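1. Sequence and predicted structure, then a few things I'm wondering about:
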Amino acid sequence: MTSFVIKIPCSSANIGPGFDVIGLALSLHLDLHVTVEAKPSSQLPFNCAITYEDQSKSVEQISLDPEVNLITRVALYVLRCHDQRAFPVETKVHIVNPIPLGRGLGSSGTAVVAGVMLGNEVGKLGLSKERLLDYCLMIERHPDNVAASLFGGFVGTYLNELKPEDVARKEIPLSEVLPAPAGGVDTGIRPPAPPMAIGHYRKFNWAPEIKAIAIIPNFVVPTANARNVLPQTYSRADVVFNLQRAALLPAALGSSPPDPDMIFLAMQDKVHQPYRKTLIPGLTEILQFMTPATQPGLLGICLSGAGPTILALATDRFTEIADRIIAQFASNDISCQWKLLEPAHDGATVTYN
Ligand SMILES: Nc1ncnc2c1ncn2[C@@H]1O[C@H](COP(=O)(O)OP(=O)(O)OP(=O)(O)O)[C@@H](O)[C@H]1O
Ligand SMILES: N[C@@H](CCO)C(=O)O
């Protein structure tokens, strides 16, 4: 028997102006406890049994069918790109998930990273993390969450300009990458492998004094909905506004001691947050009602990923800051939980028992 644990941090994308570019891995981890037994004890679909421990108090039921569950479906995609049609006999995957689903803490990106790591490990494929990022990007096509969860820390990401034939492969519909479940039947179709080097990342410094407060409202905003409210085109003024701040952000968050006014300014955004206010009651007020001048300890506030979670960066007075944001949500009859998190510098790890 082989057994190992895959650990993947959640992430907060954008950090204000870095829409689809900047990501921060955070200290809330999805764990997969995996065992592979050489002898089958029973006939399992695709040789895989899933158990799921929900520590996130999410209402959504996560499927335990390996053809449907996002993590094992992604693992099967990676395996099938390498002519392995199923998991090795007999794979047991126990998922422990404290990451709230659909709240802006990168739960889907974390699950996709978990899937590629799982496929790589059980298939003994020996793929590098750089290559695993290509597989992630065939599924979650913005790199900010998946690169943060895979590599850890505070990252800037970008997609390469691909050759025309590779662009066509990268833009293959998701339904061909992750085909609809076929009711336990192996269709034998080999899925499209990703082009090489679709995306890249660069780690930035993070000042050790800076902690992340995640204020998590009790409702879901699916990322797809939050992307559908964004415009197709932007004014030059709004693009320049974001470029100016995104260029400052890594230096501002990497400098010790942190400069609160510089960080607050560098976390402003005109590309996604203003449009997402239609999905998150009170968002405009929450992003503006306190500043480092009116709240000691505060450095900056932004929407975490596609929301509805709010990310406040701070050096101290964490409870006070969280309580003030929670009170703002409460004025719109929205209740929240909150967590004090730190950057997760290690990214996704595998530990053999
Ligand atoms: N551990 C998991 N196992 C299986 N499916 C998951 C898991 N985590 C997330 N998902 C799927 O991903 C969906 C949430 O993805 P979505 O992109 O909408 O939000 P998010 O990733 O939490 O937020 P954001 O992308 O804004 O940070 C869930 O509804 C669920 O279907
Ligand atoms: N950059 C993505 C992150 C989603 O988690 C967005 O804001 O839509």
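-> All right, it came through fine. Here the structure is a predicted model, which is why all the values come from computation and not from measurement. Ligands and ions are numbered 1, 2, ... in the order given.
2. by contact count, what packs against the top strand by length along the chain?
-> Identified as the longest strand of the chain according to DSSP state E is strand 22-36. Packing partners of strand 22-36 (3 or more CB pairs under 8 Å, 6 or more residues apart in numbering; DSSP states H and E): strand 2-13, strand 91-97, helix 107-122, helix 143-151, strand 154-159, strand 211-217, helix 236-254, strand 336-341. To be clear about C-beta, it is placed using only N, CA and C from the backbone, and glycine gets the same treatment.
3. same thing but at 7 Å, please
-> strand 2-13, strand 91-97, helix 107-122, helix 143-151, strand 154-159, strand 336-341 (3 or more CB pairs under 7 Å, 6 or more residues apart in numbering; DSSP states H and E).
4. tell me the mean pLDDT over the fourth one?
-> Per-residue pLDDT values across helix 143-151 average out to 98.
5. Give me the distance from it to the chain's centre.
-> Chain-centre distance of helix 143-151: 6 Å, with CA atoms, centre = their mean, to the nearest Å.
6. Stretch 71-90: end-to-end distance?
-> Using CA to CA, to the nearest Å, one end of stretch 71-90 lies 17 Å from the other.
7. show me where the stretch 201-350 of the chain has strands.
-> Here the stretch 201-350 of the chain has its strands, by DSSP state E, counting those that start in this stretch, at 211-217, 298-303, 310-314, 336-341, 349-352.
8. ok, Pro192 touching Ser175?
-> No. Applying CB atoms under 7 Å as the test, Pro192 and Ser175 come out as separate, 11.4 Å apart.
9. what angle separates the longest strand of the chain from helix 236-254?
-> 60 degrees (axes from the mean of the first three to the mean of the last three CA atoms, to 10 degrees).
10. same question for strand 22-36, mean pLDDT?
-> 98.
11. quick revisit: of all the strands of the stretch 201-350 of the chain, which one is nearest ligand 1?
-> Evaluated with CB to the nearest ligand atom, the strands of the stretch 201-350 of the chain place strand 298-303 nearest to ligand 1, the distance being 8.8 Å.
12. circling back to that earlier point, comparing Pro192 and Ser175, which residue is more hemmed in?
-> Neighbours were counted for Pro192 and for Ser175 using other CB atoms under 10 Å; Pro192 has more, 16 against 8.
13. No more questions from me, cheers.
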